[in-house]
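In: what shape does this take:
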Amino acid sequence: MKRFVCGMAIYLFLNSFLLAQNGIQTAVNTFMKSEMFKNASVGVAIIDQNTGELVAGHNNNLALIPASSLKVLTTATMLELYGSDYQFKTEIQYDGTISPEGILNGNIYIKGYGDPSLGSHHVDAAEKIDVVLSKFAAAIQQAGIKEITGKIIGDGTYFSTRTNGDTWLWEDLGNYYGASVWGLNFHENLFQLTFQQNPKLGSIPKIKSIKPEVPNLMLVNELKSAERGTGDNAFIFNAPYSYSGFVHGTIPIGSKDFTVKGAVPDGPFFAAYHLMKKLESIQLKTSGWATTQFEENRLGIEQSERKSIYSYRSPKLSELVKATNLKSINLYCESYLRMIGKKQIGEGSAEAGLKAIYDYWEKQGLNLDFCFLEDGSGLSPRNGISPYQLAEVMRIVREKHTTFDAFYNSLPIAGQSGGLRYILKGSAAEGKLRAKSGGMARVRSYTGYAVTGSGQKLAFSMIANNFKGKSSAVRGKMESLMAAISR
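Out: Numbers count the residues shown, from 1 in each chain. I've put the predicted structure just below:
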């Protein structure tokens with residue numbers, strides 16, 4: 001009798017398990033029947049976290065453009081290689097000599113080592129611009145320096161001069177989400193461009209302010225005023241190292257201030273300039289000359305021996321990764337990518353970072369054939385990776401990585417945070433499913449973790465490219481699928 005009861009229990013469990021799996025595949029099949037996917041490229045992969053078996057899928061090995069879902073690959077690699085407690089550093093250095101009167105006959109350097117969060121307003125644990133600059137200025141004063149005869153030099157040479165993705169779109173480069181990354185970054189290399197709205201349709205709203213100040217920046221304002229409720233459709237067209245740009249597109253009519261965000265042309269110079277202004281504000285005399293190490297190198301100016309007088313540390317990597325995935329900050333992933341290249345291969349470039357990422361995951365048993373990566377953030381429209389590969393990344397992270405908790409806690413929670421804050425409320429997924437979303441023109445994606453009603457733990461990825469209709473409609477279809485796999 002006991003054997004019969006035990007056997008029946010096992011049978012009922014397995015039957016329930018198989019029905020759940022079949023139900024998930026049915027949900028995927030229903031998802032794929034949508035008319036908007038008729039001529040689209042769409043892939044879905046749902047993997048059992050414990051067994052590694054494919055529970056359900058469609059075109060799961062198709063290489064697709066992932067958009068920001070790609071961030072899970074970069075952030076997971078960075079965490080595993082360097083640990084949750086890793087901190088970036090930035091040093092204040094000087095060369096030359098300090099006289100008994102406190103005159104520095106030499107230069108002050110801000111030497112960056114890749115920190116994307118220096119002066120950030122996105123990371124809760126990061127100190128803001130004024131605090132960072134005050135600490136830098138205090139360190140210079142404590143070194144006995146009262147006057148600087150040389151230059152204030154921003155040194156971003158820890159990373160390559162190729163500061164963004166080679167295949168990023170021109171329309172992205174001047175906007176905050178397309179900000180370049182250097183060895184020295186400051187205030188996430190962005191500025192706020194504020195317009196005074198105009199009440200007349202088709203009129204040009206005036207530029208009111210640029211904060212923080214970006215010296216030498218000249219923007220030709222060709223922005224127009226559109227109907228109320230049309231939102232932010234302004235684009236800044238500019239390139240790294242260029243100080244002449246254009247503002248195109250529209251913002252709504254009105255009478256209030258309207259702010260958009262742009263990318264600074266030169267992060268190291270931006271940092272050096274603001275340190276110089278800070279020093280002058282506390283009556284520490286400077287030569288009034290801010291520049292960068294790249295410029296010094298270009299001019300062939302010989303470097304002198306430097307001494308470090310202060311080392312500033314970023315928040316822990318677990319905090320940075322959490323901000324990266326919750327707020328989908330491209331700059332952070334591009335910094336991680338170059339840091340991985342610098343530490344693993346000795347070159348702070350995107351190419352070196354991508355090679356190191358391929359090498360690492362292949363050692364973890366992930367087959368990256370037909371995976372084509374151009375950057376670490378997903379901003380390039382030429383990235384290609386399959387849903388199965390991304391779902392496998394999620395599974396391997398949970399199975400093998402010692403930093404799984406930090407990674408898992410960085411992912412947006414359904415109905416609660418990040419890119420999932422406003423979706424899946426009231427569904428079986430709310431509070432349980434975690435995923436990184438991705439989106440660009442004709443691209444939507446989600447990659448993450450789900451738990452079924454029976455307790456089965458799943459890793460999943462779904463990507464849609466070149467679909468018909470609005471992105472919001474595709475998002476709704478994907479939301480329904482995520483709710484279905486959580487039942």
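
In: all the helices of this structure, in order from the start?
Out: Under the criterion DSSP state H, helices of the chain are mapped to 2-32, 71-82, 129-142, 170-173, 267-281, 293-298, 317-327, 330-345, 350-363, 387-400, 404-410, 471-485.

In: for K261, which of those helices is the nearest?
Out: Smallest distance to K261 across the helices of the chain (C-beta to C-beta): 11.7 Å, for helix 330-345. The way it works is simple: take the backbone N, C-alpha and C, and place the C-beta from them, glycine included.

In: any idea how far the closest one is from the chain center?
Out: 11 Å (C-alpha atoms, centre = their mean, to the nearest Å).

In: quick one: it to helix 267-281, angle?
Out: Interaxial angle, helix 330-345 versus helix 267-281 (axes from the mean of the first three to the mean of the last three C-alpha atoms, to 10 degrees): 110 degrees.

In: and helix 330-345, what does it pack against?
Out: Contacts defined by 3 or more C-beta pairs under 8 Å, 6 or more residues apart in numbering; DSSP states H and E place helix 330-345 against helix 71-82, helix 317-327, helix 350-363.

In: which one of the ones you listed lies closest to A126?
Out: Of all those, helix 317-327 sits nearest to A126, with 7.9 Å by C-beta to C-beta.

In: buried stuff in that closest one?
Out: Using 16 or more other C-beta atoms under 10 Å as the test for burial, helix 317-327 gives L317, S318, E319, L320, V321, K322, A323, T324, N325, L326.

In: pLDDT wise, what is D115 at?
Out: pLDDT recorded at D115 is 98.

In: quick one: it and L284, what's the gap?
Out: Taking C-beta to C-beta, to the nearest Å as the measure, D115 falls 24 Å from L284.

In: quick one, which of those two is more surrounded?
Out: D115 (26 against 18; other C-beta atoms under 10 Å).

In: what's the spacing between that one and K316?
Out: From D115 to K316 the distance is 12 Å (C-beta to C-beta).

In: what does K208 give?
Out: 38 Å.

In: how many neighbours does G202 have?
Out: Using other C-beta under 10 Å, G202 has 10 other residues around it.

In: residues contacting it?
Out: With contacts defined as C-beta atoms under 8 Å, 6 or more residues apart in numbering, G202 is in contact with K224, S225.

In: let's see the pLDDT reported for it.
Out: Here, the pLDDT recorded for G202 equals 96.

In: ditto for the one 5 residues further on
Out: The predicted structure scores I207 at 97 on the pLDDT scale.

In: what is the burial count for it?
Out: I207: 14 surrounding residues under other C-beta under 10 Å.

In: G438 now?
Out: Neighbour tally, G438, other C-beta under 10 Å: 26.

In: quickly list what it is bridged to.
Out: G438 has these beta-bridge partners by DSSP bridges: S445.

In: about what we covered before: lowest average pLDDT across the helices of the chain?
Out: Across the helices of the chain, helix 2-32 has the smallest mean pLDDT, namely a mean of 61.

In: kindly tell me how buried G419 is, as a neighbour count.
Out: Counted by other C-beta under 10 Å, the residues lying close to G419 total 20.

In: residues in contact with the closest residue to it other than its chain neighbours?
Out: Leaving out its chain neighbours, the residue that sits closest to G419 by C-beta to C-beta, 6 or more residues apart in numbering is S437, at 3.7 Å. By C-beta under 8 Å, 6+ apart, S437 lies in contact with S68, S69, S328, P412, G418, G419, L420, R444, S445, Y446.

In: any chance of these in JSON lines, plus pLDDT and distance to D130?
Out: Listed next are these as JSON lines, based on pLDDT from 0 to 100; distance: C-beta to C-beta, whole Å:
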{"residue": "S68", "pLDDT": "98", "distance to D130": "30"}
{"residue": "S69", "pLDDT": "98", "distance to D130": "35"}
{"residue": "S328", "pLDDT": "97", "distance to D130": "26"}
{"residue": "P412", "pLDDT": "98", "distance to D130": "30"}
{"residue": "G418", "pLDDT": "96", "distance to D130": "28"}
{"residue": "G419", "pLDDT": "95", "distance to D130": "30"}
{"residue": "L420", "pLDDT": "97", "distance to D130": "33"}
{"residue": "R444", "pLDDT": "98", "distance to D130": "39"}
{"residue": "S445", "pLDDT": "98", "distance to D130": "38"}
{"residue": "Y446", "pLDDT": "98", "distance to D130": "38"}
